[in-house]
Structure formats: structure tokens, C-alpha cells
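Asks: With the input below, show me the fold.
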Amino acid sequence: MIDLYTWTTPNGRKASVMLEECGLPYNVHPVNIREGAQFKPEYVKINPNSKIPAIVDDGHAIFESGAILLHLAEKTGKFLPAKGPARDDVLSWIFWQMANIGPMIGQLGHFAQAAPEKIQYAIDRYASESARLIKVLDDQLGRKEYMAGEYSIADIATYSWVAAGFGPIKGLKPDVVGEAPNVSRWLAAIGSRPAVKKGMEVPKA
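Replies: Predicted coordinates for the structure are as follows:
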């Protein structure tokens, strides 16, 4: 049985969606990051970086959402081609998400919604880059049904962030994002998957 340590964030939901998609049994351990539970010594032993998510599989701790997705894909043989150009495409897009979509949308959310002082330069900077990335994604989804062709861990990694940020980003930068019809189609397709619906509700608030 896999132990999942998580909270209600886009990164946390990557792991729970993947576990549901793979059909793996798991125990949920909520880590309330608003109350600082990620800094408790017992959790730091699992993830020394004090972030969520993390899993413990067969006694071994794995942290960072991308590492978790890769581990589970290789464990089950699902959502990641074993070799060749198809695998390279999935890895390119999953690393694109981790280096771009997550950090940019996350910083936009912080400066636009959570920061005690509204710094317009920061909001504009992260809104512009987030909008540019949505356009990159929309262009790619105009060429392929999913990010790397077949549904993969690249889509799982990206979905929760775009689902959370797409509306606000369009509102801030409509001239850059436009209608983004391909992103809208992709969001609807992934959001309708039963495993995604279940995974996006973990942990219960």
C-alpha cells in the first residue's frame, strides 16, 4: 500500500490523479500546509524540502511531484512510453510543466491574490509569462489531441495547474491568451475522466 502525503494544491493533485489513473491502492495523509504541518519533524524525514506531495512506496520515500509521476509510470507501465521518441516527447513536456507552468502560475497566484502588498510589476510579469505559456500549450494542442500525442503524465502534470489558472490568466491577458479553444477542449476532456475527478478531490477539504 502506498502512503500519499498531500494537500489541496495543483502539485498535490498530480499525485492523487496519477494514483487513481493507475488503479493503485493508497492511504491519504493530509499535510495541512496552511498550518505548517509540512515543517513537522516526522514529515521532514519524508521530504527534507518540506513541500507536498510525497509518497512512501515499499518503505521508500519519494518527493517532488514529477519524480512521483515518473516512479508510478515506470512502476505500472502506464502513461509513459518505454523508449524512443514518444518517451522523449512526454519527458520534454513534463519538464516544461515543472520548469514553466507550475512556477509561473504559482507566482502569479501569490502576487495577485495572496501577497499582502500588491506589486503591479510582479503581477504583470507573471501574468504575461503565464499567458505566453497558455498560448504555447494551445498551439501544441492544436497539433495533437494531448500534449505528447497520447494521454500521458505530461497531461496529468499540467492539468491541475491550468485548471486552476486558465480563467484568471485569460482575464488578466485576454489579448495574449485569446479564446484558446484547444486548451478549453483539453481541459474538458481530461476533467471528464473518472480517475481525474476522484484524484482532484484528494484530500477532502
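Asks: all contacts plus neighbour counts: C-alpha atoms, from now on.
Replies: Noted.
Asks: Specify the residue positioned farthest from the middle of this protein.
Replies: Glu117 (26.9 Å; Cα atoms, centre = their mean).
Asks: next one: phi and psi at that residue?
Replies: phi -120, psi 130 (degrees, to the nearest 10).
Asks: what separates it from Arg125, distance-wise?
Replies: 16 Å (Cα to Cα, to the nearest Å).
Asks: so who does the closest residue to Ala54 other than its chain neighbours touch?
Replies: Excluding the flanking residues, the one nearest Ala54 by Cα to Cα, 6 or more residues apart in numbering is Phe63, at 4.3 Å. Taking Cα atoms under 8 Å, 6 or more residues apart in numbering, we find Phe63 in contact with 46-47, 52-55.
Asks: how deep is Glu42 tucked in, by neighbour count?
Replies: By the criterion of other Cα atoms under 10 Å, Glu42 has 10 neighbours.
Asks: what element comes up after the longest helix along the chain heading to the C-terminus?
Replies: Taking DSSP state H as the assignment, the helix of the chain that covers the most residues is helix 120-143. With elements assigned by DSSP states H and E, the helix or strand that comes after helix 120-143 is helix 153-172.
Asks: C-alpha coordinates for that following helix, PDB please?
Replies: The C-alpha trace of helix 153-172 is given here as PDB (Å, rounded to 0.1, in the frame of the first residue of the first chain):
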ATOM      1  CA  ILE A 153       2.000  12.000 -17.300                       C
ATOM      2  CA  ALA A 154       2.600  15.300 -19.100                       C
ATOM      3  CA  ASP A 155      -1.100  15.900 -19.200                       C
ATOM      4  CA  ILE A 156      -1.500  14.800 -15.600                       C
ATOM      5  CA  ALA A 157       1.300  17.100 -14.500                       C
ATOM      6  CA  THR A 158      -0.100  20.100 -16.400                       C
ATOM      7  CA  TYR A 159      -3.900  19.700 -15.900                       C
ATOM      8  CA  SER A 160      -4.200  20.700 -12.300                       C
ATOM      9  CA  TRP A 161      -2.300  24.000 -12.800                       C
ATOM     10  CA  VAL A 162      -4.100  25.000 -15.900                       C
ATOM     11  CA  ALA A 163      -7.500  24.100 -14.500                       C
ATOM     12  CA  ALA A 164      -6.700  26.400 -11.600                       C
ATOM     13  CA  GLY A 165      -5.200  29.300 -13.600                       C
ATOM     14  CA  PHE A 166      -6.800  29.300 -17.000                       C
ATOM     15  CA  GLY A 167      -9.700  31.600 -16.200                       C
ATOM     16  CA  PRO A 168      -7.700  34.200 -14.200                       C
ATOM     17  CA  ILE A 169      -5.000  34.300 -16.800                       C
ATOM     18  CA  LYS A 170      -7.500  34.900 -19.600                       C
ATOM     19  CA  GLY A 171      -9.000  37.700 -17.500                       C
ATOM     20  CA  LEU A 172      -5.700  39.400 -17.000                       C
END
